[in-house]
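Student: with the sequence up front, the predicted model follows.
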Amino acid sequence: MDYNVFFQKLDGLLSDKRMDEAEQFLIDNVKKAMEQEDTQALLTVMSELVGLYRVTGRHAESEMFADKAMTIAGNSGLCGTQDYATIVLNAATAYRAAGDYERAGALYDEAAEALRSSGCEDAYRYASLYNNISLFYAETGDDERARAELLKALELIKKLPDCEVEEATTYINISLLDIRHGRYDEAEAYISKALDIFKRDKGRKYKDAHYGAALSAYGDLHLKRGEYAKAVEAYEEALTEIARSYGYSNTAYRATCENCIAAYESIILNNGGNNGQQEDNEYALSEKSRTRISELKNQLATVCRDGAVLKGLELSRAYYEIYVKDMIHTQFPEYEDRIAVGLAGHGSECFGFDDDLSKDHDFGPAVCLWLTDDDYDSIGERLAAEYDKLPKSFLGVAARIETQNGHGRVGVIKLSDFLTEHIGCATVPERTDLSAWQLITDNGAAAAVNGEIFRDASGIFTGERQRLLEYYPNELWYPKMAEAAVRIAQYGQYNYGRCIRRGDYVAASLAYAGFIEQTVKLCFLVYREYMPYYKWSYRALVKLAQLRQEPVLMRVCELLDELSQIDYHDEDKASECIENICMQLVRILNMQSLSGSNDYYMETQGYAIMQGYESVQTSLGRNEDNGSMAGIIERIVKFEWDMFQAAHNEGGRADCQNNYNTFTLMRRSQFMAWSDELCRSYLSDLEEGARTGRNLVTEKYARMMESTAPQEYESFKDSLPVIDDERRTIAEQVIAIQVGWLEEFVGKYPALAGQIRFIHTSEDTPFDTSAETYLRGELDTYSKDTFILYCRYVIGLYQNGRNLNEMIMENTVLQYGYESLEDAQRKLEAMNN
């Protein structure tokens with residue numbers, strides 16, 4: 001065996017995290033050594049295999065090969081030699097890692113005796129023995145003997161040349177024992193020595209797996225000291241280093257991940273009870289901590305599992321965290337906050353739909369690096385060159401095989417080129433530029449906003465995506481829905497059956513397919529999501545229904561699947577299924593307040609959708625003092641809707657979270673009744689919340705739980721910003737005015753009163769929140785400026801004899817197409833009678 005070639009190949013596979021290939025390479029070499037009867041080569045390869053199985057947690061295989069290696073060595077006359085001692089030591093370590101301490105202890109004794117009897121004077125071998133025996137004592141509870149063994153090893157290692165990594169590793173192991181026994185100052189001194197060694201040579205840092213262990217130990221120290229932010233910083237870097245060396249599916253990564261979660265949870269628990277700006281920063285920090293905890297728990301449940309197969313987005317994020325992030329930080333520090341990194345665009349992996357079939361092309365470790373035009377001109381070529389130097393294979397996934405169609409999807413990309421490719425223009429058009437929006441296709445926009453952005457400190461790319469996610473302007477949205485509804489009728493309810501009866505089966509099949517396509521399209525339009533490329537559209541629709549926990553939409557998906565399996569020549573069966581689908585579509589349109597018609601013929605629904613649009617426009621026109629205020633109100637509503645979508649309920653997704661049109665109509669009605677100054681101030685609150693990660697809608701509902709779910713509220717109330725007594729007193733006075741207005745409204749318009757919440761907090765239940773409690777929760781989320789403006793506005797209306805709640809309800813009924821509150825009252829009375 002050529003040992004240089006062997007270890008060069010093995011090191012390359014391990015460096016690229018291609019563990020499966022490394023295992024097969026070692027097994028192949030075991031067979032080759034056996035065929036050639038090369039005992040030395042066989043024992044060398046088996047020792048490497050024992051180590052590979054040990055670090056990847058496959059302990060049964062590790063023990064099996066360790067036993068075989070000892071048997072072969074013994075039968076070959078190696079007993080009493082230094083090589084035999086090394087083989088036994090390797091076996092002892094395998095059994096220790098597997099938790100078989102009785103067997104491990106016996107083997108450590110045997111290894112020590114074999115080394116002494118061999119006459120060995122090699123200090124390195126003795127240091128290795130002491131280090132391993134120390135781990136055995138530590139894991140069996142004898143920490144003092146463990147520390148003594150480590151100190152013996154350290155004295156030897158410090159005298160040896162080229163053993164800095166071994167010295168650092170010993171420092172780490174001593175520090176872990178000191179942390180366990182509360183000797184924090186001593187532990188910090190040892191960890192600092194280890195980190196100094198690792199940081200001397202940047203190149204070694206990236207190659208040596210023990211650096212991650214040092215960082216993890218540093219995290220442990222900070223966690224014990226209650227220095228949670230420092231613990232998080234150390235653990236996060238440790239996770240990157242461990243993944244770089246061993247991937248995700250190993251004990252070290254899982255343990256560090258769990259410790260990192262504990263540190264984040266401690267940050268949250270220790271953030272309550274502060275005031276002022278610090279309070280806002282800590283609230284934002286808690287929100288970020290909760291988000292990161294979810295990410296880490298998801299890792300533990302997915303990529304950290306033994307045998308886990310990474311999805312494309314997971315692979316891309318890992319590639320960024322382990323290689324790309326450091327490359328940008330070291331090579332382009334002045335541009336680090338200007339380079340957006342993620343994975344988005346064309347390709348099944350960007351939608352999360354990649355599977356074994358899709359991995360045969362345009363799949364592999366890669367990210368997108370988006371630059372502005374100016375930055376691309378400055379560093380585009382250099383950044384691309386550095387990116388191309390990164391490993392092509394990663395975590396056992398082979399290098400990306402790029403097709404002609406897939407060229408340019410990853411790597412360094414001009415942001416303007418990316419947007420032009422997907423939506424036809426270099427920036428997202430203004431809402432008023434209807435001709436530009438008209439040219440944006442659903443599948444192009446879907447590809448532009450899919451995937452994940454891993455880092456975008458400047459917010460330029462994220463901002464463009466966010467503007468695109470605002471969806472088509474109403475002037476296009478309503479007509480698009482109406483057109484889809486009419487086409488559904490034409491394809492499925494009218495032309496399909498006529499074509500079948502004529503015997504024109506080709507035309508019938510086209511109508512059949514057209515009905516399915518337009519049904520899927522209408523569903524995406526209703527829920528304001530871009531419909532992706534046709535081959536992913538149905539899977540995306542099912543995913544949408546599941547995420548929104550929308551049973552009627554899920555029923556549409558089930559019926560579409562049923563329809564696709566019906567022989568389209570069977571007109572009766574197919575037509576029945578088509579009608580069932582249309583019935584569900586009408587239910588959706590009614591629930592979303594997009595149509596007031598119950599007619600199941602979808603052409604009628606198309607006209608009803610446009611009639612509803614005209615009512616909304618008429619209402620906006622009546623209340624709009626100038627064009628800019630209507631835009632501000634729509635921005636407020638959009639911010640609230642996005643925050644509402646991000647809110648998580650204990651019992652799952654709320655029905656109202658699936659009802660965009662009703663939500664926006666109701667909230668629009670409120671803000672149309674506000675003053676311009678108040679609207680602008682509240683918009684500023686929402687913008688600041690989005691910037692800092694503070695979800696005002698989530699906070700509002702959390703505060704309501706003080707009345708609706710007091711026990712649950714007690715568990716998290718300290719994480720909410722504190723409301724002082726003076727503000728609380730003023731708020732209660734304003735709330736009392738509005739409760740009186742509601743009582744007055746109920747007496748004046750009893751039929752309309754059935755459409756509003758219970759009035760009083762005393763009527764709250766875990767499932768129903770009163771208007772009083774809702775208002776109290778909302779007022780508590782306002783900034784100081786907005787709160788003062790709101791109170792002044794309410795008091796001013798009260799002094800002038802006006803009723804804000806009546807103003808809001810008037811805006812609501814006008815948007816529903818009624819002429820006035822009186823008109824709505826009369827018609828609802830007639831309907832109820």
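Tutor: That came through, no problem. Numbering: from 1, shown residues only.

Student: what sits against Gly777?
Tutor: If you count contacts by Cβ atoms under 8 Å, 6 or more residues apart in numbering, Gly777 has them with 700-704. C-betas here are computed from N, CA, C, even on glycine.

Student: out of those, list just those in helices.
Tutor: Among the contacts of Gly777, the subset assigned to helices under DSSP state H consists of 700-704.

Student: weed out the non-buried ones from those residues.
Tutor: Of all the ones in helices among the contacts of Gly777 considered here, the ones buried according to neighbour count by 16 or more other Cβ atoms under 10 Å are 700-704.

Student: with pLDDT and distance to Arg501 added, can I get those in a markdown table?
Tutor: As requested, those are exported to a markdown table (pLDDT from 0 to 100; distance: Cβ to Cβ, whole Å):
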| residue | pLDDT | distance to Arg501 |
| --- | --- | --- |
| Lys700 | 90 | 57 |
| Tyr701 | 88 | 55 |
| Ala702 | 88 | 59 |
| Arg703 | 89 | 62 |
| Met704 | 88 | 58 |
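
Student: closest to Glu714 out of those residues?
Tutor: Comparing those against Glu714 with Cβ to Cβ picks out Ala702 as the nearest, at 11.8 Å.

Student: you'd agree the closest one is up against Leu720?
Tutor: Yes: at 6.3 Å, Ala702 counts as touching Leu720 under the criterion of Cβ atoms under 8 Å.

Student: now distance to Tyr530 too, for the buried ones among the ones in helices among the contacts of Gly777, in JSON lines please.
Tutor: Supplementary listing: those in JSON lines, determined by distance: Cβ to Cβ, whole Å:
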{"residue": "Lys700", "distance to Tyr530": "29"}
{"residue": "Tyr701", "distance to Tyr530": "28"}
{"residue": "Ala702", "distance to Tyr530": "31"}
{"residue": "Arg703", "distance to Tyr530": "34"}
{"residue": "Met704", "distance to Tyr530": "33"}
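
Student: tell me the one of these nearest Ile500?
Tutor: Looking across those and measuring by Cβ to Cβ, the closest to Ile500 is Tyr701, at 51.5 Å.

Student: just to be sure, Pro532 is in a helix?
Tutor: No: going by DSSP: H, G, I helix; E, B strand; the rest coil, the assignment for Pro532 is coil, not a helix.

Student: what sits against it?
Tutor: By Cβ under 8 Å, 6+ apart, the residues touching Pro532 are 351, 442-443, 446-447, 450, 540.

Student: which of these sit farthest apart?
Tutor: Every pair in the contacts of Pro532 was compared (Cβ to Cβ); the two farthest apart turn out to be Phe351 and Asp442, at 13.2 Å.

Student: between those two, which has more neighbouring residues?
Tutor: Taking neighbours as other Cβ atoms under 10 Å, Phe351 and Asp442 compare with Phe351 leading, 21 against 18.

Student: and Val341, which of the three is it?
Tutor: Assigned by three-state DSSP, the conformation of Val341 is strand.

Student: so it makes contact with Leu383?
Tutor: No: taking contacts as Cβ under 8 Å, Val341 lies outside contact range of Leu383: 10.8 Å.

Student: just checking, next helix/strand downstream of the helix or strand harbouring Phe7?
Tutor: When elements are assigned from DSSP states H and E, Phe7 belongs to helix 3-15. The element immediately downstream of helix 3-15 (helix or strand, assigned by DSSP H and E) is helix 19-35.

Student: Leu828 and Ala751 touch, don't they?
Tutor: Yes: proximity of Leu828 to Ala751 meets the contact threshold set by Cβ under 8 Å, at 3.9 Å.

Student: who has more neighbours, those two?
Tutor: Neighbour count, other Cβ under 10 Å: between Leu828 and Ala751, Leu828 has more, with 19 against 16.

Student: now the more buried one: how far from Tyr816?
Tutor: Here the distance between Leu828 and Tyr816 works out to 11 Å (Cβ to Cβ, to the nearest Å).

Student: which parts of the stretch 51-200 of the chain are strands?
Tutor: Counting by DSSP state E, counting those that start in this stretch, no segments of the stretch 51-200 of the chain form strands.

Student: and the stretch 451-600 of the chain, by the same measure?
Tutor: Per DSSP E, counting those that start in this stretch, the stretch 451-600 of the chain has strands spanning 452-455. These are given in chain order.

Student: would you map the helices across it?
Tutor: Assigned helices in the stretch 451-600 of the chain, in chain order: 460-469, 474-488, 496-502, 505-526, 534-548, 551-564, 571-591 (criterion: DSSP state H, counting those that start in this stretch).

Student: show me where pLDDT drops low in the stretch 301-450 of the chain?
Tutor: By pLDDT under 70, the low-scoring segments of the stretch 301-450 of the chain are 303, 305-309, 358-362, 395-406.

Student: which parts of the helix holding Phe7 are buried?
Tutor: Neighbour-count burial for helix 3-15, with 16+ other Cβ under 10 Å as criterion, is recorded at 6, 10, 13-14.

Student: take those and write them to TSV, including distance to Pro710 and pLDDT.
Tutor: Shown next, in TSV, are the buried residues of helix 3-15 (distance: Cβ to Cβ, whole Å; pLDDT from 0 to 100):
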residue	distance to Pro710	pLDDT
Phe6	67	90
Leu10	61	89
Leu13	58	84
Leu14	55	81
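
Student: got a pLDDT number for Ile500?
Tutor: With respect to pLDDT, Ile500 scores 95.

Student: should've said Lys827
Tutor: The score at Lys827 is 82. That number is its pLDDT.

Student: hmm, Arg254 and Leu300 touching each other?
Tutor: Yes: because the distance of 6.5 Å satisfies Cβ under 8 Å, Leu300 is recorded as touching Arg254.

Student: of those two, who's got more company?
Tutor: Arg254 (18 against 15).

Student: tell me who's in contact with the more buried one.
Tutor: Arg254 is in contact with 300, 304, counting by Cβ under 8 Å, 6+ apart.

Student: so how far is Asp142 from it?
Tutor: Separation of Arg254 from Asp142 (Cβ to Cβ): 26 Å.

Student: pull the helix or strand where His422 lies out as CSV, backbone CA atoms only.
Tutor: With secondary structure defined by DSSP H and E, His422 is part of helix 415-423. Taking only C-alpha atoms (Å, rounded to 0.1, in the frame of the first residue of the first chain), the coordinates of helix 415-423 have been written out as CSV:
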residue,chain,number,x,y,z
LEU,A,415,-29.4,42.1,-8.2
SER,A,416,-30.8,44.1,-11.2
ASP,A,417,-30.1,41.1,-13.5
PHE,A,418,-31.9,38.7,-11.1
LEU,A,419,-35.0,40.9,-11.0
THR,A,420,-35.0,41.6,-14.7
GLU,A,421,-34.8,37.8,-15.4
HIS,A,422,-37.8,37.1,-13.1
ILE,A,423,-40.1,40.1,-13.3
